[in-house]
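Student: fold the stuff below for me.
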Amino acid sequence: MAIQLTHADHFFSTARERYQIKLRRDAGQPFPWTNDPIFRDWSFTNVHREDDRTTKWFREQIRDPLNAIGDKRKIVEATMAFRWFNRISTGELILDLLVGQWDSAVARQRLTGVNPVVTGAYIIKAGDGVSKLEGILECIDNGIPHLNTMVPRWGGTLRDAWKDLQRIHFLGGFMAYEIVTDLRHTPVLEKANDIMTWGNLGPGAIRGIGRVVSGDPEQFANSATQQRMMLDLMSVLLQLSKDQMYWPQQWPAWEMHEVEMWLCEYCKYCNAQDGMRLTRRYKPS
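Tutor: So this is what the prediction gives:
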């Protein structure tokens, strides 16, 4: 018997409300921009990663200028280095190093004593027994030499680049996916043939697809067989996003990454509905 996406309506209704919040805020309406207490009180990413504040800064200050130059290896280097910090205030202090010649000694001089120096949105692992700054600088310096051989063979698929990046020390599946998601909007991976068919399901997305199917976040496990099954289910959700009933077609279209990312946020939303306390409260700027 085929698996049913029992809660697909709820999945998309939460996504629509989150996008409406963005539209109301962009229009200059006052906070809270929603009557939904969960969205009002807790922090959720945008439906489209390109709308998030950090990604917008990265796009405008780093990605677009480097895209205009067209140096693929430099694009990957800057993306990798910035995403390891993933913090605008840090990026501003080392912007010239990111878009120009990387120099860890200069970065160290500028960032020593800066706190926080990395994002608080996700866990950054960069070595044991050293500070986050020292660990990340070492990871960047160790990773850059690999790019000379890696980058020229990329372009066919996001998944191959994602797997390749994980050969770099301390660059795991989550971080590699963040990087290839950026590179999808660059000459490096913009022609990849799996943009609409592949996504990396981490723990949050796996729990989210369980929520969509049956309401049970523990329904699926992170095995190769179940990853393939979950990708098939994600493809169904992506197809539903092309239906006006689920996602207004005048709004920006979804790719597989939107499905993966909103599965994580949908699981958070359902957790809050179940009375669980989420990690980050929303603080309007």
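Student: state the helix or strand in which the residue most central in space within the chain lies.
Tutor: Computing the C-alpha centroid of the chain and ranking residues by CA atoms, centre = their mean puts Glu178 first, at 4.8 Å. Assessed by DSSP states H and E, Glu178 sits inside helix 173-183.
Student: only alpha carbons, please: show that helix as CSV.
Tutor: Extracted as CSV, the C-alpha positions of helix 173-183 are listed here (Å, rounded to 0.1, in the frame of the first residue of the first chain):
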residue,chain,number,x,y,z
GLY,A,173,26.9,16.4,5.8
PHE,A,174,25.0,19.4,7.3
MET,A,175,27.6,21.9,6.5
ALA,A,176,28.3,20.4,3.1
TYR,A,177,24.6,20.8,2.2
GLU,A,178,24.6,24.4,3.3
ILE,A,179,27.5,25.1,1.0
VAL,A,180,26.1,23.2,-2.1
THR,A,181,22.7,25.0,-1.5
ASP,A,182,24.6,28.3,-1.9
LEU,A,183,26.6,27.0,-4.9
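Student: hmm, back to that, name the SS class of the residue lying closest to the residue nearest to the centre of the chain once chain neighbours are set aside, please.
Tutor: Nearest non-adjacent residue to Glu178, counting by CB to CB, 6 or more residues apart in numbering: Arg83, 5.1 Å away. Backbone N, C-alpha and C define where each C-beta goes, glycine included. For Arg83, the secondary structure call by DSSP: H, G, I helix; E, B strand; the rest coil comes out as helix.
Student: surely Arg83 and Met175 touch.
Tutor: Yes. Counting by CB atoms under 8 Å, Arg83 touches Met175, with 6.6 Å between them.
Student: domain ranges for this structure?
Tutor: With domains defined by automatic domain parsing, the chain comprises 8-50+197-273, 71-183.
Student: can you list those in CSV and add mean pLDDT?
Tutor: Output for these, formatted as CSV (pLDDT from 0 to 100):
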stretch, mean pLDDT
domain 8-50+197-273, 97
domain 71-183, 92
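Student: nearest to Pro284, out of these?
Tutor: Evaluated over the domains of the chain, closeness to Pro284 peaks at domain 8-50+197-273, with 4.5 Å, by CB to CB.
Student: part of a helix, is Leu5?
Tutor: No. When three-state DSSP is applied, Leu5 is found to be coil, with no helix at that position.
Student: where's the closest residue in space to it that isn't next to it in sequence relative to Phe12, distance?
Tutor: Spatial nearest neighbour of Leu5, excluding adjacent residues (CB to CB, 6+ apart): Val212 at 5.4 Å. For Val212, the distance to Phe12 (CB to CB, to the nearest Å) stands at 10 Å.
Student: more neighbours: which of these two?
Tutor: Higher neighbour count among Val212 and Phe12: Val212, with 28 against 21, using other CB atoms under 10 Å.
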